[in-house]
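Engineer: next one to model:
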Amino acid sequence: MKNYIYLFIKMWIFLIILTLASCASQKKSQIKGIHVLKQGDTCQQLAIQYYNDINKCAYIKEENQDYSFDHIQPGDVIRIPLIKERKRKSEEYTKVNKNVTTAEHFFEKGKYQEAIKYFEIAETEVSNLRNFDQLLQIRDAIWNSKKALRAFRKGNVAYTQNQYQNAIFEFRKVVEINPKDQKASDLLSASLIKLGEYYFRSGYYQDAILTLTSIPKKTVQFQKAKFFIDKSKEAKSNIQKAENESNIKKSIQAYENVIAINPEDVTVQKALLTLYFRNGDYKKSKKQCDLAYPNIKTKDQLNGFLYTIIDWIPYVMKDTKTKKYYLSQSQKAIDAMSKGEDAYQKKEYQKAITEFQKVLNINPEDEKAKKYMANSKQQGKENFTPICEAGIQLFINEEYEEAYKKLNEAYFYNQSDARCNEYYFKSCDAYEAIENGNNYLKSLLFSKAIRSFESLKTIQPKDKKIKSFLYKSYYQWAHHLFDIGQYDQAKKTIKKAISYRDHDNQNSFIADCNLALDAQKKLKALIDNEKFERALEKAHFLRIINPKDPIACSFLYGNLYNEANVLFKKGKYQEAKRKYFQTQSVAKDKPFFEEKIINCDIAYNATVNAINFRSLNETDKAIDQLTKVLEVNPNDTKAVADISSLYLQSGKNYYEAYDFKQAIKNCQAAKKYLGKCTECDDCIVKAQEAKNAKEAISFENKSNNNNSVFNNLFQYIKSFLGG
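Structural biologist: The predicted structure follows:
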């Protein structure tokens, strides 16, 4: 064993010696020799000594790049290269220069990926030649190419995404690195034009001018930019003119000139909106809202806008509020002006003054409204006397509402006329008394209505309409008392009503009161004596006379409701539904019975569906339908019996199909409905034992990894079930 080890070591030593010898011979072949420098040696002398050619000095310097021949020290050692090695290096330098030239060509064309590829090839070649100065230059070129490529890509992405400021920043980087990149220069100019156009459309004319003038003037792109530069200067001039102008109409004209140049200038649109409004041109101001605030239209759009541009929330909310204000105020002014003009044409000067005042409240600078207001007041004063006399005559004729309107208009024009004031205040009191009385009648406050109508006697003692008002009050009060079952009081009240009207005896109403009063007394007596069958007949009779009689309705309601509940509990849903309908007709709480009727429909439909599914042996669907029945009516004994039997039968079926877990679950469900159930308990015990046996054998099968266990399992279960 030791001999083999020694032999192995000797072989390795031999191989190492051979390798060293090969390297030495290779080095020797590449280098002509080693020269120890002496006093007075120069590179040129060494070239003549070794090559007989003074021009070969460059070969020696290139081989010894790490040595300075300007400071030769005696005793220093240098290498003298072979001519063949020099030729090889010369060929490699030629190759390097070719790759560098190709790379620079691609770089100038803006094809940076190709330039990087050739520069990296040249980098590898130069690093092998150990020319460190050229290596640094190539690496700088690679760095600039990568930097330009990265900036160009970022600029291109920003340009496609309309982020022109970012695009300009990146393309300027590219042009600084490579001024000959025509594509980057064109994209830089295009980005500047796009940004300048954006500033122009947005109304930032000074920014547009500064941006667009940075494009070189001798380029084709500058001709496109010049159009926006000229338009920006013109728009800027008009804006300055509008801002310095005191006359609203001239300011509007200047701003309209700007809009003709740039219809998308939202700032000028907002200024026009304000000026239109101040000038009283409300239709234009309303139309101008959508032009001034184009992005804010509805609440949903506002929400979406807020969620996407969170930083703009304060500005958006302000714009939204402003837009809503001008829209609403312009519309109000339009409506008020229209109504005022119509009233003025119809010579309804009071109404005209009111409407024009609304316009002036919205816009105090509205000259048109001011003129109409002054004319309406003048016309009103001139028409005061005929209006006042017409109002007084209407009051004397007991036409209080019309008298109030006329006298109110006269009082509006002249508040110093004593006679007009006297009748105006009387008409106010009379109109108020009638209005209050009618409102009290609607609210069933009959005694207050009567007092309000009686107060007319103090205002106009000879008023013949007072009797008709009092008759109407007592008549409605009597019928209300009849409806609520107070028949004796209803008779007394109708007699008071008759006293205010001739030839109206109301005999039929009095007869109904007597008949209903008698039936009500008999119904009370029958209920007190617990003669419910006869009481039921009497209640139906009383409801024929007065369908709203509270005692009859209450008795029928209780009787019918109880019958309906009993039928519902028994599962007779159609009959229960009919009873609930009858109860609903006499009940006050209508929605309560609508819910009861819906429950009847649900339970009936589910019961029918359960019967159909059971006949088709679809046990699970039948169980689902019966569950719906019991959710609505837990007291349905037939549904309980059916669902428990279905669960038990289903449990047995699962047991026979060896699904012991589901068998246990269904048997437990059956037991929940039945309470004590021996058959359910037996099924649960057997299924649990079979389940445990199956799990035990399954565990043994996993432990032993024996296929025969499966056969033993089924044999065991079959024998167990058979036993």
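Engineer: and whichever helix or strand residue 605 is part of, what does it pack onto?
Structural biologist: In this assignment (DSSP states H and E), residue 605 forms part of helix 590-615. Packed against helix 590-615 by the contact rule (3 or more C-beta pairs under 8 Å, 6 or more residues apart in numbering; DSSP states H and E) you find helix 550-569, helix 573-586, helix 619-632, helix 637-656. (Each C-beta comes from the backbone N, C-alpha and C, glycine too.)
Engineer: redo the ones you listed as a markdown table? Include mean neighbour count and distance to residue 54.
Structural biologist: Below are those laid out as a markdown table (neighbours: other C-beta atoms under 10 Å; distance: least, C-beta to C-beta, whole Å):
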| stretch | mean neighbour count | distance to residue 54 |
| --- | --- | --- |
| helix 550-569 | 18 | 129 |
| helix 573-586 | 19 | 127 |
| helix 619-632 | 18 | 110 |
| helix 637-656 | 18 | 111 |
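Engineer: out of those, nearest to residue 211?
Structural biologist: Closest to residue 211 of those is helix 619-632 (C-beta to C-beta; 72.6 Å).
Engineer: residues of the helix holding residue 605 that come out buried?
Structural biologist: Applying a neighbour-count criterion of 16 or more other C-beta atoms under 10 Å, the buried positions in helix 590-615 are 593, 596-597, 599-600, 602-604, 606-607, 609-610, 613-614.
Engineer: how about the helices and strands packed on helix 590-615, which one is nearest residue 154?
Structural biologist: Each of the helices and strands packed on helix 590-615 was scored for nearness to residue 154 using C-beta to C-beta, and the closest is helix 619-632 (63.0 Å).
Engineer: which neighbouring elements make contact with that closest one?
Structural biologist: Going by 3+ C-beta pairs under 8 Å, 6+ apart, helix 619-632 lies up against helix 590-615, helix 637-656.
Engineer: tell me which residues are up against the strand or helix carrying residue 232.
Structural biologist: Assigned by DSSP H and E, residue 232 belongs to helix 220-244. Residues from elsewhere that reach helix 220-244 (C-beta atoms under 8 Å, 6 or more residues apart in numbering): 186, 189-190, 192-193, 196-197, 199-200, 203, 205-206, 208-209, 212-213, 215-216, 250-252, 254-255, 257-258, 261-262, 265, 268, 271.
Engineer: longest helix in the chain, by residue count?
Structural biologist: Secondary structure of the chain per DSSP state H: the longest helix is helix 313-345.
Engineer: so for that helix, mean pLDDT?
Structural biologist: For helix 313-345, the mean per-residue pLDDT is 74.
Engineer: mind giving me the packing neighbours of it?
Structural biologist: Packing partners of helix 313-345 (3+ C-beta pairs under 8 Å, 6+ apart): helix 266-278, helix 282-292, helix 299-308, helix 349-362, helix 367-382.
Engineer: off-centre distance for it?
Structural biologist: Put simply, helix 313-345 sits 27 Å off its chain's centre (C-alpha atoms, centre = their mean, to the nearest Å).
Engineer: how about stretch 427-438?
Structural biologist: Offset of stretch 427-438 from its chain centre (C-alpha atoms, centre = their mean): 52 Å.
Engineer: distance from stretch 190-202 to the middle of the chain?
Structural biologist: The gap between where stretch 190-202 is centred and where its chain is centred comes out at 32 Å by C-alpha atoms, centre = their mean.
Engineer: what mean pLDDT does that stretch get?
Structural biologist: Mean pLDDT, stretch 190-202: 83.
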